[in-house]
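Asker: I'll drop the sequence and a predicted model, then ask my questions.
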Amino acid sequence: MRTIVTICLFLAALSGRASAQNVSEKLPTCLACHGESGTSQTENVPSLGAQNSPYALIQLFMFREGLRTADPMNEMMKGVADADLQAFADAIAKLPQPKAAEGGDAQRMAHGQVLAGQNHCNMCHRADFSGQENVPRLGGQREDYLLKSLREYKSGIRHGYDASMADVVQPMSDADFVDVAYYISRAK
Amino acid sequence: MTTPIHTRTLLMAGLVAGLFAYPGLSSAQQQQPAATPAPLPSPTTNSVLQDAPNSPDAQKLAPVAPPPIATAADKIQLDKLKLPKGFKLEVYASGMVNARSMARGDKGTIFVSTRLLDHIYAVTDKNGKREVIPLYKGLFRPNGLAFKDGTLYIAELNKISKVPGIEDHLTDPPKPTLIYDNLPSDEAHGWKYLAIGPDNKLYFNVGAPCNICMPPDTHAQLRRINLDGSGMEVIARGTRQVVGLDFHPVSHVLYFSENQRDWLSEDLPNDKLNRLQHPGKDFFGFPYCHQGDVPDPVFGWGRGCDGVTKPLAKLGPHVAPLGVRFYTGKMFPKEYHDALFIVRHGSWNKTHKLGGDIEVAWLKPDGTVKTIKPFLEGFLQDNKYIGRPVDILQMPDGALLISDDWNGAVYRLSYSTERVSSR
């Protein structure tokens, strides 16, 4: 993981500050960690494929402003102009949709499905977990990243743009997070 | 053992909903006799989505987020907005992402807060040249702002601070001094509105930490403190979330907007305009009663709306009323004197959006509402936002400043008789 981060930072330093024309040049740097075809093969690094552009824009903005902290994203986004944030977000939305993980223990899937329903994940994130507008796609996302995100919302390490996720995870336990992440990453 | 009625009802509803929503569940459970079903959420579950129906149309609704990039001034669609004759709206300042509440310094600085960011902006006007200065960064949802006697007061999510003499230090502002932090840290409805009353006290809200739940004693209320942070009093209870406060210019009574719960229905409950006649006594209904006359389907059994202070007006379902401002200036026609401007930020929990406008309420001599009329309309176009108004600030010349957190801008609303007579 650390090697990949180092490589990414090295590449980022090489490519310099992005301008509108350079977004397509810099995108390979992003994909080195986040995965060539929209699916991340890197532990705890999210897949970006088919991510909703308004959500991606908000997250890139939050990284740039330091409203959300995640190494190396804050460094990567430093000084990136508004127009380029938008261009990155639009490019991300065009990446192929990540494939849901295969298999899944029937009992755990059933339990996860119940939890996702009770906690209304399938409302804002929609029944197929494709999200909408500023609400992210969860379908096909890496299980470890989903789990990390839920835990960080609960502990307050990660603030959302608004208070929605902080509100939603309040009554959920860590065991709930484990099962929901298991289910959503595999839900088809 | 008897189960409280509301818990039993919720359990039954949950079981029925569960069986219909998850057709595969019962067969999966038959194959796995060791599976234990997950416990259903208790009625005190804090969730913006508690009670949300699982229908496809309901799933299309989610809290809307304003763009994190401010709209360029020339791209703001002022031409789409409708105003009464003689009134004009122009961009006062732009480039302030998530512009929210406003306060005016003694020396004319306009302070503008944010809710989703960690910034406070300062707008200076030197000989007509306007400049936006990023004043503070790194604050925690610093939505509340007030100014008195040279001192700026800032209400973050869980603390209130002051900065004396700020206007002499706009480019090198000192660290704010904490005056009050006996506040919960719930993100849900945690952001604050701040106002200084005629009694020289700071007034603010502590919202309910949920969409619908039994709030702790520390939540769903209005409080006031002295300017040094001492002497806290809870002056109103049962208020779900309040993001707009102003005092009647003559009676000094506190008027405020209140946001009601989501996910009950498309058209209920209405958000409210309230008046606090008995500080420390009035109870505004949450969680038992909404809009003054609709008992909550879970919490309302038994006491319903008994003893609830009714709203002065129902402002429309889900419209998200924010800033309220009594007009005391001399620029607008006489009929607007002591009238109350009300911002409707606009809905998200409604298929056909409502709000995105400003209304004016005229009061009777007894302080109740005589009539409410639309004033500034058009921030909703084809069920989409082209802007969302937030707060109103009166300027010394009688113009009104209006903030918009969608475009990241502040507008100036002015009136001229010349505009009325000319065609």
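Answerer: Okay, I see it. If you're wondering where the values come from, they're calculated on a predicted model, not measured in any experiment.

Asker: so who does the nearest residue to B:Ala220 once chain neighbours are set aside touch?
Answerer: Take B:Ala220 and drop its neighbours on the chain: the residue closest to it by CB to CB, 6 or more residues apart in numbering or on different chains is B:Ala208, 4.2 Å away. The way it works is simple: take the backbone N, C-alpha and C, and place the C-beta from them, glycine included. Contacts here follow CB atoms under 8 Å, 6 or more residues apart in numbering or on different chains; on that basis B:Ala208 touches B:188-189, B:215, B:219-220, B:240-241, B:286-287.

Asker: tell me the span between the first and last residue of stretch A:67-79.
Answerer: Length of stretch A:67-79, first residue to last, CA to CA, to the nearest Å: 15 Å.

Asker: what's the average pLDDT for that stretch?
Answerer: When pLDDT is averaged over stretch A:67-79, the result is 96.

Asker: what comes up buried for it?
Answerer: Neighbour counts over stretch A:67-79 (16 or more other CB atoms under 10 Å in any protein chain shown) mark A:67-68, A:70, A:73-74, A:76-77 as buried.

Asker: and for stretch B:211-224?
Answerer: Within stretch B:211-224, the residues scored as buried using 16+ other CB under 10 Å are B:211-215, B:219-224.

Asker: how far off centre is that stretch?
Answerer: Centre-to-centre, stretch B:211-224 and its host chain are 15 Å apart (CA atoms, centre = their mean, to the nearest Å).

Asker: now stretch B:400-409
Answerer: Chain-centre distance of stretch B:400-409: 14 Å, with CA atoms, centre = their mean.

Asker: restricted to strands, list the buried residues of stretch B:211-224.
Answerer: B:221-224 (DSSP state E).

Asker: in a markdown table, list these along with distance to chain A and pLDDT.
Answerer: Shown next, in a markdown table, are those (distance: CB to the nearest CB, whole Å; pLDDT from 0 to 100):
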| residue | distance to chain A | pLDDT |
| --- | --- | --- |
| B:Gln221 | 18 | 98 |
| B:Leu222 | 20 | 98 |
| B:Arg223 | 20 | 98 |
| B:Arg224 | 24 | 98 |
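
Asker: any idea how chain A splits into domains?
Answerer: As given by automatic domain parsing, the domain ranges for chain A are A:2-94, A:106-186.

Asker: quick revisit: just give me the closest of the contacts of B:Ala208 to A:Ser155.
Answerer: Among the contacts of B:Ala208, B:Ala188 lies closest to A:Ser155 (CB to CB), at 15.9 Å.

Asker: please tell me how far B:Phe284 sits from A:Ala163.
Answerer: From B:Phe284 across to A:Ala163, the span is 22 Å (CB to CB, to the nearest Å).

Asker: next one: B:Met214
Answerer: Using CB to CB, B:Met214 is found at 19 Å from A:Ala163.

Asker: what do you get for B:Gly108?
Answerer: 34 Å.

Asker: more neighbours: those two, which one.
Answerer: Between B:Gly108 and A:Ala163, counted using other CB atoms under 10 Å in any protein chain shown, the more crowded position is A:Ala163 (23 against 13).

Asker: hang on, the more buried one packs against B:Ala188?
Answerer: Yes - using CB atoms under 8 Å, A:Ala163 is in contact with B:Ala188, at 5.1 Å.

Asker: thought B:Thr218 was touching B:Pro184?
Answerer: Yes - under the criterion of CB under 8 Å, B:Thr218 makes contact with B:Pro184 at 5.6 Å.

Asker: which residues do the two both contact?
Answerer: Here B:Thr218 and B:Pro184 have B:Val206 as joint contacts, going by CB under 8 Å, 6+ apart.

Asker: can you pull out the helices in the stretch 1-150 of chain B?
Answerer: Secondary structure of the stretch 1-150 of chain B by DSSP state H, counting those that start in this stretch: the helices cover B:5-21, B:25-31, B:56-59.

Asker: how about A:Lys99: what's its closest non-neighbour residue?
Answerer: Once flanking residues are discounted, A:Lys99 sits nearest to A:Gly140: 5.7 Å by CB to CB, 6+ apart.

Asker: what do you get for B:Val420?
Answerer: B:Gly86 (3.9 Å).

Asker: check contacts around the one you found.
Answerer: B:Gly86 makes contacts with B:333, B:415-417, B:419-420, as judged by CB under 8 Å, 6+ apart.

Asker: rounded mean pLDDT for stretch B:96-112, please.
Answerer: 98.

Asker: could you list the single helix or strand in chain A with the lowest mean pLDDT?
Answerer: Least confident helix or strand, chain A: helix A:2-15 with a mean of 51, by mean pLDDT, DSSP states H and E.

Asker: the residue nearest to A:Lys99 and A:Gly131, how far apart?
Answerer: The gap separating A:Gly140 from A:Gly131 is 11 Å, by CB to CB.

Asker: looking at those two, which has the bigger crowd around it?
Answerer: Shown here are A:Gly140 and A:Gly131; by other CB under 10 Å, A:Gly140 has more neighbours (23 against 20).

Asker: kindly list the main-chain dihedrals of the more buried one?
Answerer: phi 80, psi 0 (degrees, to the nearest 10).

Asker: need the contact list for it.
Answerer: Contact analysis of A:Gly140 by CB under 8 Å, 6+ apart lists A:39, A:47, A:49, A:97-100, A:185.

Asker: between the residues you listed, which sits nearest B:Tyr92?
Answerer: A:Gly49 (42.1 Å).

Asker: neighbours around B:Lys148, how many?
Answerer: Neighbour count of B:Lys148, defined by other CB under 10 Å: 15.

Asker: partner strands of the strand or helix carrying B:Tyr153, parallel or antiparallel?
Answerer: Here B:Tyr153, judged by DSSP states H and E, is contained in strand B:151-155. Partners of strand B:151-155 in the sheet, by DSSP bridges, are strand B:144-148 (antiparallel), strand B:160-164 (antiparallel).
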